[in-house]
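S.K.: below is the sequence, then the predicted model.
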Amino acid sequence: MELCVVSCGKKKIWNKQKNAPHRVPAAKAYVGTLTRLAIKYAELFYPNSWVILSGKYGFLYPWEEIENYDIKLTKLSEEFINKLRRQIAEKSLYKYSKVIVLGGENYVEACLKAFASYDIPVEAPLSRLGMFERVRVLSRAIKERLKIEDILCRRIA
């Protein structure tokens, strides 16, 4: 069984809706185009096995409520990686045979470091693509109900 990790985004519901509740479920908090598409993709292909990776909160289940914040996942401190390792244990994320990361370089690196302790392979099918290409691939994958790997293989062939 695979776990899908969706990267959080800078744009949050509080940026768009000034009257948004103080706390909202993580899946509703992030409103940027790329993150919304990644969440839709995760819901489609990994309906019961996906989390969001937040620079503040770490691994979040979609239903976990969060508050507004502005912390970017840029510096991967040992403290943050240790937090992720603890969450892997607490949330039983070690039970997966593979981790698929839908995010940029820092998210991939964070997952590689955190899951290395559990000897779980981490893949990042979008990591070599620019932001606009990621949006195109995710949009097509959702529309055609194809996994990212299938879209990328067809594009190359």
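M.R.: Right, received. Where do you want to start? Residues are numbered from 1 along each chain as shown.
S.K.: what residues does Cys111 make contact with?
M.R.: Under the criterion of Cβ atoms under 8 Å, 6 or more residues apart in numbering, the contact list for Cys111 reads Val5, Leu53, Leu84, Val99, Val101, Val122. Where you see a C-beta, it was placed from the backbone N, CA and C, and this is true even at glycine.
S.K.: what sits against the fourth one?
M.R.: Pointing back at Val99 there. Counting by Cβ under 8 Å, 6+ apart, Val99 has contacts Glu2, Leu3, Cys4, Val5, Cys111, Phe115, Ile120, Pro121, Val122, Glu123.
S.K.: which among those count as buried?
M.R.: Of the members of the contacts of Val99, the ones counted as buried by neighbours, 16 or more other Cβ atoms under 10 Å, are Leu3, Cys4, Val5, Cys111, Phe115, Ile120, Val122.
S.K.: what about the helices in this protein?
M.R.: With DSSP state H applied, the chain shows helices at 13-16, 26-29, 33-45, 78-90, 105-116, 131-144, 148-156, listed in chain order.
S.K.: for Ile66, find the nearest of the ones you listed.
M.R.: Nearest of the helices of the chain to Ile66, taken as Cβ to Cβ: helix 26-29 at 5.3 Å.
S.K.: great, nothing more from me.
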